[in-house]
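K.L.:
fold the following and give me the result.
(chains A and B)
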There are 2 protein chains.
Amino acid sequence: MGRFSVEVKVMPRRALLDPQGQAVEHALSALGFPSVSDVRVGKAMTLELERPDRAQAERDARSMCERLLANPVTEDFTVSVKAVE
Amino acid sequence: MGRFSVEVKVMPRRALLDPQGQAVEHALSALGFPSVSDVRVGKAMTLELERPDRAQAERDARSMCERLLANPVTEDFTVSVKAVE
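P.N.:
Take a look at the predicted model:
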């Protein structure tokens, strides 16, 4: 068994409006940050996993995204897996 | 003026409880993913910025985190800046 550190990023799809991103964009502009655009807000998750090998860890991490962590209709996700130690 | 793409990750501090992470951990276990631990849930943000150079873009991105995007008491952030084109 190996120990793996997984980073997941879940973002709203490009084609969809992102109201939270727009709110942040307006707030940044009100705070005096000019020329900020395309703000998008998603979720970052980290977790640790014990699996026989890295391929299995990555497969399980993607399955977690598909079944729980991301909404397949509105969000895209990326997964990055690193061995620990 | 250059155009820069900024990725921000805001995570709850290590020393603090992360109730959202614990909820996800329990849900993953209930879904049949064993040996998952240390789940932490934070925010991922992307934005675009026009600035004279990369150093200025990075300085402004960090300032955005300190003033709006992250809570300095409970969260840590990382910033990564890439030139566009």
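K.L.:
using the three-state scheme, assign the residue sitting furthest away from the middle of chain A.
P.N.:
For chain A, the largest distance from the centre (C-alpha atoms, centre = their mean) belongs to A:Gly32, which lies 27.9 Å off. Secondary structure, DSSP: H, G, I helix; E, B strand; the rest coil: A:Gly32 is coil.
K.L.:
how about the helices in chain A?
P.N.:
Ranges of helices within chain A are A:19-30, A:54-64, based on DSSP state H.
K.L.:
pull out the buried positions in the longest one.
P.N.:
Using 16 or more other C-beta atoms under 10 Å in any protein chain shown as the test for burial, helix A:19-30 gives A:21, A:24-25, A:27-28. Bear in mind the C-beta positions are built from the backbone N, C-alpha and C, glycine included.
K.L.:
swap in the last one?
P.N.:
Within helix A:54-64, the residues that qualify as buried by neighbour count (16+ other C-beta under 10 Å) are A:57-58, A:60-62, A:64.
K.L.:
for the residue nearest to A:Arg14 when sequence neighbours are not counted, which residues make a bridge with it?
P.N.:
Counting by C-beta to C-beta, 6 or more residues apart in numbering or on different chains, A:Asp76 is the residue found nearest to A:Arg14 once chain neighbours are left out, at 7.9 Å. Judged by DSSP bridges, the bridge partners of A:Asp76 are A:Met11.
K.L.:
so A:Asp38 touches B:Leu47, yeah?
P.N.:
Yes. The pair A:Asp38 and B:Leu47 qualifies as a contact (C-beta atoms under 8 Å) at a distance of 6.0 Å.
K.L.:
neighbour count winner among the two?
P.N.:
A side-by-side neighbour count of A:Asp38 and B:Leu47, using other C-beta atoms under 10 Å in any protein chain shown, places B:Leu47 first with 23 against 14.
K.L.:
how much space between the more buried one and B:Leu28?
P.N.:
Between B:Leu47 and B:Leu28 the computed distance is 30 Å (C-beta to C-beta, to the nearest Å).
K.L.:
again with A:Arg59
P.N.:
On the measure of C-beta to C-beta, A:Arg59 and B:Leu28 end up 14 Å apart.
K.L.:
got it, and A:Pro12?
P.N.:
Using C-beta to C-beta, A:Pro12 is found at 22 Å from B:Leu28.
K.L.:
all good on my end, thank you.
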